[in-house]
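In: Any chance you could fold what I've pasted below:
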Amino acid sequence: MNAQAMSGEPATRGHVLLLGDERDPVCALARESLARCGQSSRLVTSLADLRLSIRLGDGAPAVGMRFDDGLSIIDADVRGVLLRTASGLCAEGWDPADLEYASAEARSTLIAWLWSLACPVVNRPRPELWYCGQASAFGWRRELRRAGLPLKPHSVRCGTGIDVRRGLPAHALLTTGTGAAAYDVRDGREWESVQRLAAMLPVTLAPRHGSAAVACVVSGAVVWARDPALLFRACEPALARLAAVAGLDLFEVGLVDVDGRACVEAIDAWGSLRAFDEAARRDIGARLARALMRPAADDLLRYESAYAASWIREEVTT
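Out: Model (predicted):
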């Protein structure tokens with residue numbers, strides 16, 4: 001698939017690069033919102049579409065980009081970058097044994113380049129997300145703790161002779177590592193079945209929750225899928241702190257009411273926006289466009305202090 005120039009009104013200074021898929025709703029939303037601002041953007045769907053050249057000299061390395069339609073730009077021409085996905089190299093002409101290695105090298109070069117940019121980069125690539133994909137909410141426990149957001153209580157039980165009900169209410173939710181489905185556990189017979197299951201494989205048990213809410217945190221602001229209860233709205237400052245701690249400009253959070261306390265049940269580091277209506281999406285798009293066009297000064301420093309330094313401190317104190 002080719003890189004495509006996307007513009008509506010006359011372009012403002014520089015190019016905004018959208019690294020993702022043309023079917024991705026966030027890329028489409030960013031493209032439309034940037035066009036309304038008169039800002040040109042370019043969709044890059046494959047690493048093969050973006051050819052980087054690096055020149056080393058006495059000063060800082062000079063990085064140039066050449067697209068498959070012949071356009072050539074340099075770092076200074078890039079006003080902002082939205083990182084969603086970037087597929088590997090085209091398999092045509094490659095030996096299968098070499099393709100995996102070459103694609104990994106291309107992705108590594110892309111990550112290094114994105115971290116070198118001084119312009120805004122929405123969701124600079126974190127290795128654990130780029131290479132390992134989505135993590136459960138439990139995988140965000142360090143960032144959640146630093147932001148002051150409680151994780152939805154859960155217990156993992158496995159083995160014979162253990163009491164699977166210890167510390168849990170009479171009504172709980174059961175999940176296993178073999179699928180994403182959740183099952184209600186209510187009466188004694190069902191708890192006996194869970195006891196037998198835990199003797200064979202790990203089971204995860206969590207209290208049954210009450211109401212729920214979904215929020216998109218974009219550039220430090222919180223946009224709700226639906227008007228939330230006051231319990232969830234009170235979490236907005238902590239959600240903004242989570243964005244700063246994680247170094248993410250765009251992500252979704254699922255919150256649930258557990259005994260009158262708002263707890264995090266799920267985090268989507270990429271943001272699908274499936275739960276959001278047109279008005280909410282338009283709000284998200286406008287904030288995303290402003291994030292991509294914000295002044296470049298101190299943007300990289302903001303990420304380094306919010307993300308890298310926080311992990312160093314976490315490692316020292318735990």
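In: CA atoms for contacts and neighbours, from now on please.
Out: OK.
In: F251: what secondary structure?
Out: Here F251 takes the strand state, with states given by DSSP: H, G, I helix; E, B strand; the rest coil.
In: Roughly how far does it sit from S272?
Out: 9 Å (Cα to Cα, to the nearest Å).
In: between these two, which one's more packed in?
Out: A side-by-side neighbour count of F251 and S272, using other Cα atoms under 10 Å, places F251 first with 20 against 14.
In: so how far is E278 from the more buried one?
Out: 18 Å.
In: Pick out the residue nearest the middle of this structure.
Out: The residue lying closest to the centre of the chain (Cα atoms, centre = their mean) is A269, at 2.0 Å.
In: for the stretch 1-150 of the chain, what spans make up the strands?
Out: 4-6, 15-19, 41-44, 50-55, 62-67, 72-74, 78-83, 121-122 (DSSP state E, counting those that start in this stretch).
In: just checking, which of those comes out with the lowest mean pLDDT?
Out: Between the strands of the stretch 1-150 of the chain, the lowest average pLDDT goes to strand 4-6, which shows a mean of 43.
In: Walk me through the domains of this protein.
Out: 4-119, 134-150+210-317, 155-207 (automatic domain parsing).
In: Would you reformat the ones you listed as a markdown table and include distance to R126?
Out: Below are those laid out as a markdown table (distance: least, Cα to Cα, whole Å):
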| stretch | distance to R126 |
| --- | --- |
| domain 4-119 | 9 |
| domain 134-150+210-317 | 9 |
| domain 155-207 | 25 |
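In: so where's this protein uncertain?
Out: 1-13, 48, 56-61, 86-90, 127-135, 176-181, 297-318 (pLDDT under 70).
In: Helices of that one, residue ranges please.
Out: Using DSSP state H, the helices found in the chain span residues 25-36, 96-116, 127-132, 141-147, 188-198, 230-233, 236-246, 278-292, 299-303, 309-317.
In: Could you check the angle the second one makes with strand 50-55?
Out: Okay, so that is helix 96-116. Put simply, helix 96-116 runs at 70 degrees to strand 50-55, going by axes from the mean of the first three to the mean of the last three Cα atoms, to 10 degrees.
In: and helix 96-116, C-alpha only, in PDB?
Out: Provided in PDB are the C-alpha atoms of helix 96-116 (Å, rounded to 0.1, in the frame of the first residue of the first chain):
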ATOM      1  CA  PRO A  96      11.900 -15.900   4.200                       C
ATOM      2  CA  ALA A  97      15.000 -16.500   6.400                       C
ATOM      3  CA  ASP A  98      16.100 -12.900   5.900                       C
ATOM      4  CA  LEU A  99      12.800 -11.100   5.900                       C
ATOM      5  CA  GLU A 100      12.100 -11.500   9.700                       C
ATOM      6  CA  TYR A 101      15.600 -10.100  10.500                       C
ATOM      7  CA  ALA A 102      15.300  -7.300   8.000                       C
ATOM      8  CA  SER A 103      11.900  -6.300   9.300                       C
ATOM      9  CA  ALA A 104      13.100  -6.300  12.900                       C
ATOM     10  CA  GLU A 105      16.000  -4.100  11.900                       C
ATOM     11  CA  ALA A 106      13.700  -1.700  10.000                       C
ATOM     12  CA  ARG A 107      11.400  -1.500  13.100                       C
ATOM     13  CA  SER A 108      14.400  -0.800  15.300                       C
ATOM     14  CA  THR A 109      15.500   2.000  13.000                       C
ATOM     15  CA  LEU A 110      12.000   3.500  13.100                       C
ATOM     16  CA  ILE A 111      11.800   3.400  16.900                       C
ATOM     17  CA  ALA A 112      15.200   5.100  17.200                       C
ATOM     18  CA  TRP A 113      14.200   7.700  14.700                       C
ATOM     19  CA  LEU A 114      10.900   8.500  16.500                       C
ATOM     20  CA  TRP A 115      12.700   8.900  19.800                       C
ATOM     21  CA  SER A 116      15.200  11.300  18.200                       C
END
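In: how far off strand 62-67 does it point, in degrees?
Out: 120 degrees.
In: now do the fifth one
Out: Between the axes of helix 188-198 and strand 62-67, defined by the same axes, to 10 degrees, the angle is 110 degrees.
In: For helix 188-198, output the C-alpha coordinates as PDB.
Out: Listed next in PDB are the C-alpha coordinates belonging to helix 188-198 (Å, rounded to 0.1, in the frame of the first residue of the first chain):
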ATOM      1  CA  GLY A 188     -22.000 -23.700  46.700                       C
ATOM      2  CA  ARG A 189     -22.100 -26.200  43.800                       C
ATOM      3  CA  GLU A 190     -20.400 -23.700  41.400                       C
ATOM      4  CA  TRP A 191     -17.800 -23.000  44.000                       C
ATOM      5  CA  GLU A 192     -17.100 -26.700  44.300                       C
ATOM      6  CA  SER A 193     -16.600 -26.800  40.500                       C
ATOM      7  CA  VAL A 194     -14.100 -23.900  40.800                       C
ATOM      8  CA  GLN A 195     -12.300 -25.800  43.600                       C
ATOM      9  CA  ARG A 196     -11.800 -28.800  41.300                       C
ATOM     10  CA  LEU A 197     -10.800 -26.600  38.300                       C
ATOM     11  CA  ALA A 198      -8.100 -24.800  40.400                       C
END
